[in-house]
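Enquirer: mind folding the following:
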Amino acid sequence: MIKRILAGLTSLSDALRSNSPFRGQGMAVESSGNSDPTGLIAEFFDAHGISMFREGDWAFSSSDSPALAAYYKPLGGYGLLEVHIIVADNTRIVESFAGFGDGEVGLHDAVKRFVSNDLHVLLAAFWGVAEPATSTVEKWEIGGKDYDVYLGDYGFRLIDDPEITVPDDLVIKLEQQIRQNPLDGGVHWFRLFLAQSSGHLDVEALWDNEIWPGGLEVLNSFQWPIYDESYYSVRLFGILREA
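Expert: Numbering: from 1, shown residues only. Below is the predicted model of the structure:
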């Protein structure tokens, strides 16, 4: 099943890069209740003091705040959650998460992954709600411009008790790669993801929703543990905003 989920995530990433969100594949957002992905995520914003309003698929806190919509596709035993965030100048951040379990169980698992990996980065970057225990805010100068950098905690999924430790210098190498990018100001974001299942390692690095060779170079520069039976995944999400 794990291999099938990884294959699904690969297909999802391909769809994102071809600008084919789930909405165009017949996905629908329920109007209310526990099967409404956007509503479920909005509840976590509300828990942080940010009231979200709905207009169709989209949720937002004010007329000039980012807008958010989420779509979930059940695939039998698991599902895929896609979260869209539209920020200034119609820049669209798209994140995707696997949810383990049938129906709403898989949906809630995927939303849990979003909350633990991305929510606090978004809150700090776009709503000014920074929590040092769940995200890191730094200032970097890149190409003569100052950027506020918002880094999330590492997100782990572990099955059958594998041991996994992220190298201490991963973020250092990541920063070095980012500083080589010809940034044009505005908002940029990245996601690193790796998963090991039954002796096979998959890695993915995205920059502004596109395949990021520099990020792949960083991930592939480390020796990640391989297990014949266990599964683990590691995820890191970050946002850069011109100060």
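
Enquirer: give me the buried positions along stretch 93-112.
Expert: Buried residues in stretch 93-112, counted by 16 or more other C-beta atoms under 10 Å: 93-100, 104, 106-111. All C-beta spots, glycine's among them, are computed from the backbone N, C-alpha and C.

Enquirer: what mean pLDDT does stretch 203-223 have?
Expert: What stretch 203-223 shows for mean pLDDT is 96.

Enquirer: of all the buried residues of stretch 93-112, which two lie farthest apart?
Expert: Farthest pair in those (C-beta to C-beta) is Ile93 and Glu104. Separation: 25.2 Å.

Enquirer: hmm, back to that, nearest to Gln176 among the buried residues of stretch 93-112?
Expert: Out of the buried residues of stretch 93-112, the member with the shortest distance to Gln176 (by C-beta to C-beta) is Ile93, at 23.2 Å.

Enquirer: surely the closest one is in contact with His188?
Expert: No - counting by C-beta atoms under 8 Å, Ile93 does not reach His188; the two are 9.7 Å apart.

Enquirer: tell me who's in contact with the residue nearest the centre of the chain.
Expert: Nearest residue to the geometric centre of the chain (C-alpha atoms, centre = their mean): Glu95, 4.3 Å. Counting by C-beta atoms under 8 Å, 6 or more residues apart in numbering, Glu95 makes contact with 82-83, 85, 114, 118, 191, 237.

Enquirer: tell me the one of those residues nearest Glu55?
Expert: Ile85 (15.0 Å).

Enquirer: quick one: the helices in this protein?
Expert: 2-17, 37-47, 103-114, 120-126, 170-178, 213-220 (DSSP state H).

Enquirer: residues in contact with Thr136?
Expert: Contacts of Thr136 (C-beta under 8 Å, 6+ apart): 150-151.

Enquirer: for Val149, see how far away it is.
Expert: Separation of Thr136 from Val149 (C-beta to C-beta, to the nearest Å): 8 Å.

Enquirer: one more: His200?
Expert: 32 Å.

Enquirer: comparing these two, which residue is more hemmed in?
Expert: Higher neighbour count among His200 and Val149: Val149, with 19 against 11, using other C-beta atoms under 10 Å.

Enquirer: for Asp160, which of the helices of the chain is the nearest?
Expert: Here helix 2-17 is closest among the helices of the chain (C-beta to C-beta), at 10.3 Å.

Enquirer: pick the most deeply packed of the helices of the chain.
Expert: Of all the helices of the chain, helix 120-126 has the most neighbours on average by mean count of other C-beta atoms under 10 Å, namely a mean of 23.

Enquirer: ok, Arg191 - contacts?
Expert: So Arg191 contacts 95, 204-206, 235-238 (C-beta under 8 Å, 6+ apart).

Enquirer: any low-confidence regions in this structure?
Expert: The model of the chain has pLDDT under 70 over residues 1-34.

Enquirer: looking at it, which residue reaches furthest from the middle?
Expert: Computed with C-alpha atoms, centre = their mean, the residue of the chain farthest from its C-alpha average is Gly144, at 28.0 Å.
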